[in-house]
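Trainee: build me a model:
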Amino acid sequence: MRGLKPLPLQDKNKKPFQFSVPDEVAEQLHEIDMGAGGKIGMPEAVPNAQVRDQYVVSSLIQEAITSSQLEGAVTTREVAKEMLRSGRPPRDRSEKMILNNFLTMQRITELKARKLSPTLVYEIHKLVTKDTLEKKGAAGRLRRDDEKVRVEDETGEVFHNPPAAAELQERLQTMCNFANGDIPDFFIHPVIRSILLHFWVGYDHPFVDGNGRTARALFYWSMLHREYWLFEFISISDILHRAPAKYYRAFLYSENDDDDVTYFLVHQAEVIRRAILSLHAYIDRKTKELQNSERLLRGWEYLNHRQISLITHALRHPGNLYSVEGHQRSHNTVYETARRDLLGLSKAGLLEFARKGRGRTKLFAAPMNIRERIQKDSSKTRAQ
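Mentor: Numbering: from 1, shown residues only. Predicted structure coming up:
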């Protein structure tokens, strides 16, 4: 392919990987710049501080679940969402992987201003893999010579043998220099640099396990570090999980066709574009749901946006149980605020005290006739 540029990333034969930027990728980069950095063309709901936390939490949950499923976590989305929103302890390794991913994504929003260093990479890997590795003590450190790692499919066919463990320390430092923009000596678009960082971790496979989750976490760090703030709301793993074979083939083709990473760039640029479109569709859907709920709740002006959001959910799920801790996590608020929200809804007759959960956790249920209650009381309020 013409116009290929060399990268600091080398294959096992010391040959540099290379890449180009096809027209289709250049066009997608422009769309990403317009839609993910700044507020140009974005739905009003995203910059709105009242609902921002709700969208952030929803995205973190989606990314945590699907990134873990790509690495073998086995659980339903509903069960995983219930665990994350309620705050209950994980029951098995799959749920622990999902919780780790959720906490890691939250942590990355705090780490985005820091430069990448081996120490930071270790910290992220340790967060992602906490209490999920078969080998104790392997979290937060590079694999060793006696720890053979390879990438294979379900049949055992080997797709990739990563570089030797003895090279990893030097390769990791080079990767950090690349991530921070210190090398190479020519311009690389920030989104492409983030995608290449994702590929780099996948190729080097520096850890015993958790490489894929770490690679995607570092991609998010890189995008947020370069002020693509919308990536607090976007889940690329949700798109990847729908077609995992394409994801793995993009790695494979890049390595097997003369170390040309363009394959991976094309794939990931399309994934990002689709993830942004998916966010737009999600916000449009949620905005319409809230507007419908607000129309139904005329006469209930004293309800805040968190309470309206909960009632919107309850209207679709009569009988659903809600806890203070779950409401707190869903809206990224403090415990006392969440408690007042639920007690207020209970006093208004829109929630009913159900029972106590584990410990002192109080559970509230959405009445089966919640819509009728809202309509009846709204009519009474308008008549007064």
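Trainee: apart from its chain neighbours, what residue comes closest to residue 222?
Mentor: Distance criterion C-beta to C-beta, 6 or more residues apart in numbering; nearest residue to residue 222, sequence neighbours excluded, is residue 194 at 3.7 Å. For glycine as for every other residue, the C-beta is placed from the backbone atoms N, C-alpha and C.
Trainee: please tell me I have it right and the one you found contacts residue 226.
Mentor: Yes: Residue 194 sits in contact with residue 226 when judged by C-beta atoms under 8 Å, with a separation of 7.2 Å.
Trainee: which other residues reach the helix or strand hosting residue 7?
Mentor: Here residue 7 is covered by strand 5-10, with elements defined by DSSP states H and E. Strand 5-10 has contacts (C-beta atoms under 8 Å, 6 or more residues apart in numbering) with 16-20, 174-175, 177-178, 183-184, 186, 196, 199-200, 203, 261.
Trainee: run the last query once more with 7 Å
Mentor: 16-20, 174, 178, 183-184, 186, 196, 200, 203 (C-beta atoms under 7 Å, 6 or more residues apart in numbering).
Trainee: among those, which lie within strands?
Mentor: When these are checked against strands using DSSP state E, the ones located there are 16-19.
Trainee: distance to residue 219 for those - can I get that in JSON lines?
Mentor: Compiled in JSON lines, the ones in strands among the contacts of strand 5-10 are given as follows (distance: C-beta to C-beta, whole Å):
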{"residue": "16", "distance to residue 219": "21"}
{"residue": "17", "distance to residue 219": "17"}
{"residue": "18", "distance to residue 219": "20"}
{"residue": "19", "distance to residue 219": "16"}
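Trainee: check contacts around the residue lying closest to residue 331 once chain neighbours are set aside.
Mentor: Sequence neighbours aside, residue 306 is the residue nearest to residue 331 in space, at 4.8 Å (criterion: C-beta to C-beta, 6+ apart). With C-beta under 7 Å, 6+ apart as the criterion, the residues that contact residue 306 are 331, 333, 341.
Trainee: for the first one, what are phi and psi?
Mentor: Note on residue 331: its backbone torsions stand at phi -120, psi 10 [degrees, to the nearest 10].
Trainee: check what pLDDT it gets.
Mentor: At residue 331 the predicted local distance difference test score is 87.
Trainee: can you count the residues close to it?
Mentor: 23 (other C-beta atoms under 10 Å).
Trainee: what's the distance between it and residue 305?
Mentor: Shown here: residue 331 relative to residue 305, a distance of 9 Å by C-beta to C-beta, to the nearest Å.
Trainee: then the second one?
Mentor: When C-beta to C-beta is the yardstick, residue 333 and residue 305 sit 11 Å from each other.
Trainee: over to the last one?
Mentor: Note on residue 341: its distance to residue 305, by C-beta to C-beta, is 10 Å.
Trainee: of these two, who's got more company?
Mentor: Between residue 341 and residue 305, residue 341 has the larger neighbour count (other C-beta under 10 Å), namely 23 against 15.
Trainee: show me the contacts for the nearest residue to residue 247 once chain neighbours are set aside.
Mentor: Leaving aside its sequence neighbours, residue 247 sits nearest to residue 240 (C-beta to C-beta, 6+ apart; 4.8 Å). Applying C-beta under 7 Å, 6+ apart to residue 240 gives the contacts 70, 247, 271.
Trainee: what strand or helix carries residue 240?
Mentor: Using DSSP H and E, residue 240 sits within helix 236-242.
Trainee: how far does whichever helix or strand comes after that helix sit from its chain's centre?
Mentor: Sequence order places helix 244-256 as the next helix or strand after helix 236-242, per DSSP H and E. On the basis of C-alpha atoms, centre = their mean, to the nearest Å, helix 244-256 is displaced by 21 Å from the centre of the chain it belongs to.
Trainee: can you identify each of the strands in the stretch 51-200 of the chain by residue range?
Mentor: Shown for the stretch 51-200 of the chain, the strands assigned by DSSP state E, counting those that start in this stretch span residues 151-152, 158-160.
Trainee: centre-most residue in this structure?
Mentor: residue 63 (2.9 Å; C-alpha atoms, centre = their mean).
Trainee: against residue 187, how distant is the spatially closest residue to it that is not a sequence neighbour?
Mentor: Counting by C-beta to C-beta, 6+ apart, the nearest residue to residue 63 once its immediate chain neighbours are dropped is residue 235, at 4.1 Å. As for residue 235, its distance to residue 187 is 29 Å (criterion: C-beta to C-beta).
Trainee: swap in residue 211?
Mentor: From residue 211 across to residue 187, the span is 28 Å (C-beta to C-beta).
Trainee: who's more crowded, the two?
Mentor: Between residue 211 and residue 187, counting by other C-beta under 10 Å, residue 211 is the more crowded of the two (23 against 9).
Trainee: and the closest residue to that one other than its chain neighbours, how far is that from residue 199?
Mentor: Excluding its sequence neighbours, the residue lying closest to residue 211 (C-beta to C-beta, 6+ apart) is residue 205, at 4.8 Å. Computed as C-beta to C-beta, the residue 205 to residue 199 distance reads 12 Å.
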